[in-house]
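In: just coords:
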């Protein structure tokens, strides 16, 4: 079986880290900026970055409609941090003109944990990922406030002032985390997504 | 609960369940999230809103833009806390603010105000001509300027979580930004080509710690994100710096000293993303009105050049 081709939306943010993480777990990883590049991938990662900027760039690059179409057709998508915001049906504390994809039936709050001085690292247990908790890196991160009936909650913060907050979710082929597994050397979450892409093909 | 970390950030995850703030990973990681973006100097909340509307990934709060500092002279300091608050409240994107080189109390105040990044900047009047701020002592991350690799590595040793090439701020003349970016990249390539037994002397020559020099030689890149700054005034300037290897762009006077700041800001954001696409660059470079009136760096007497501040 050939390696799945997974794109990383390369408009702004930590694209290189996602490309490296995907390649390390056996995917053919490549940046995606144009609709034609999107056509060539089996799955897509929306990286960390500034969600308001990425949202504007999606319009400029005329990627909204093609990505929405692929999502509707079942293409797996994983979003980390800003990527989670881009996949949310509803965003709190965003800009009024900010618009994501027709993604996960959830409400996320932008910069929910606070400003950069509140950015933190903590272990997070993920349903469906064996081998102990992931070491999660949260940077001006969002959290999930509400989820629809079809959304599976995969992980929550367990300690500290934000204990109980939802930080990892999945709805069918769409996966989102508040944190950045691409900033650590633990590749289990990317492996989980690559597997999801393999099964969707 | 800030953590002082050694410059050599290893792969060891923190064991234990308590959330921990201010680590090198969240500081450097914050800069990773800004990559491919434009950070704009602003002096008022109104300018901050224009920057955010244009698609800036962050804004930089300062008292006066470099072109005015240059024109008006005098001592240039951290922005007024009320102004910083106003800017923080005006936008949802990250807010950075400048502190004077070595002025650790300005940095403490900026951290207390909740800014997301402190720029220990040569654009302001230095407060200490020997020492930079001990940046490991802070929870808030720092960005610092550099004209060459040795300077960049000394700043990283002191705890900087992001580097920007200095250029010559407030000129609209991109030539020094080009020189500094080429220089840093050249020196990195040179290190990467050296046999390991020559790295000890290379560290001595760069006046930087051997461990960091070795890391750069092995990875072929700085351990932190490298942006560019100083003299960028047009979409083409921004795109050229990206093609030269910058991971993102700081624009100071270039936007709010131009004829149409909103339009120019948006054009520079687009040019940074489309930096390798000349057709798009041609499109976004049209109809922007007057660019800032520039000064050639060569016409500035050496004592008035900002890039020479910091060492």
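Out: Perfect, thanks for sending it. Predicted model, so just to flag it, every value in this text is computed and none were measured. Numbering: from 1, shown residues only, chains lettered A, B, ... in the order given.
In: quick one: secondary structure of the most centrally placed residue in chain B?
Out: Closest to where the C-alpha atoms of chain B average out (CA atoms, centre = their mean) is residue B:164, at 3.6 Å. Reducing the assignment at residue B:164 to three states with DSSP: H, G, I helix; E, B strand; the rest coil gives strand.
In: who does it bridge with?
Out: Beta-bridge partners recorded for residue B:164 (DSSP bridges): residue B:145, residue B:227.
In: hmm, it is touching residue B:151, no?
Out: No - using CB atoms under 8 Å, residue B:164 is not in contact with residue B:151, being 11.4 Å away. Where you see a C-beta, it was placed from the backbone N, CA and C, and this is true even at glycine.
In: who in chain B is up against chain A?
Out: Counting by CB under 8 Å from any CB of the partner chain, chain B comes close to chain A at B:11, B:13-14, B:16-23, B:25-26, B:29-30, B:32-37, B:52, B:55-58, B:92-94, B:111, B:114-117, B:139-141, B:269-270, B:273.
In: now do 6 Å
Out: B:11, B:13-14, B:17-21, B:23, B:25-26, B:29-30, B:32-33, B:36-37, B:55, B:57, B:93, B:114, B:116, B:139-140, B:273 (CB under 6 Å from any CB of the partner chain).
In: next, the residue of the stretch 101-250 of chain B found nearest chain A: phi, psi?
Out: Closest contact between the stretch 101-250 of chain B and chain A, by CB to the nearest CB, is at residue B:116 (3.7 Å). Backbone torsions of residue B:116, given as degrees, to the nearest 10, read phi -90, psi -20.
In: just give me the neighbour total for it.
Out: Residue B:116 is flanked by 24 other residues according to other CB atoms under 10 Å in any protein chain shown.
In: what separates residue B:216 from residue B:223, distance-wise?
Out: Using CB to CB, to the nearest Å, residue B:216 is found at 7 Å from residue B:223.
In: now swap in residue B:96 and tell me
Out: 20 Å.
In: which of these two has more residues huddled nearby?
Out: Each of residue B:96 and residue B:223 has its neighbours counted (other CB under 10 Å); residue B:96 has more, 29 against 18.
In: where along chain B do the helices fall?
Out: For chain B, helices defined by DSSP state H occupy the ranges B:24-32, B:45-54, B:66-72, B:81-90, B:104-113, B:149-157, B:175-193, B:199-206, B:210-219, B:235-243, B:253-256, B:261-273, B:278-284.
In: out of those, which one sits most buried?
Out: Neighbour counts (mean count of other CB atoms under 10 Å in any protein chain shown) averaged over each of those peak at helix B:253-256, with a mean of 28.
In: check the offset of that helix from the chain's centre.
Out: When distances are taken as CA atoms, centre = their mean, to the nearest Å, helix B:253-256 is centred 16 Å away from the chain's centroid.
In: tell me the mean pLDDT for that helix?
Out: Mean pLDDT, helix B:253-256: 91.
In: same question for stretch A:40-53.
Out: The pLDDT scores in stretch A:40-53 average 98.
In: determine how far the last residue of it lies from the first.
Out: Distance across stretch A:40-53, first residue to last, is 25 Å (CA to CA, to the nearest Å).
In: quick one: that stretch to chain centroid distance?
Out: 7 Å.
In: any buried residues in that stretch, and which?
Out: A:41-53 (16 or more other CB atoms under 10 Å in any protein chain shown).
In: so where's chain A shaky on pLDDT?
Out: Chain A contains residues with pLDDT under 70 at A:1.
In: who's the most centrally placed residue in it bridged to?
Out: Centroid check for chain A by CA atoms, centre = their mean gives residue A:79 as the closest residue, at 1.1 Å. Per DSSP bridges, the residues bridged to residue A:79 are residue A:46, residue A:176.
In: next up, the contacts around it.
Out: Neighbour list for residue A:79: A:46, A:86-87, A:176 [criterion: CB atoms under 6 Å, 6 or more residues apart in numbering or on different chains].
In: hmm, 8 Å instead?
Out: A:45-46, A:85-87, A:103, A:174-177 (CB atoms under 8 Å, 6 or more residues apart in numbering or on different chains).
In: neighbours of the nearest residue to residue A:30 once chain neighbours are set aside, just the number please.
Out: Distances taken as CB to CB, 6 or more residues apart in numbering or on different chains put residue A:7 closest to residue A:30, at 5.7 Å, once the chain neighbours are dropped. Counted with other CB under 10 Å, residues neighbouring residue A:7 total 27.
In: I figured residue A:7 hits residue A:36, correct?
Out: No - Residue A:7 is not in contact with residue A:36 according to CB under 8 Å; the separation is 11.3 Å.
In: in chain A, which spans are strands?
Out: A:5-9, A:28-32, A:43-46, A:77-80, A:88-92, A:104-109, A:120-124, A:134-138, A:143-147, A:152-156, A:166-171, A:174-177 (DSSP state E).
In: please identify the most buried of those.
Out: Compared across those, strand A:77-80 shows the largest average neighbour count, a mean of 29 (mean count of other CB under 10 Å).
In: for residue B:229, which non-adjacent residue is spatially closest?
Out: Nearest one to residue B:229, counting by CB to CB, 6+ apart, is residue B:250 at 3.7 Å.
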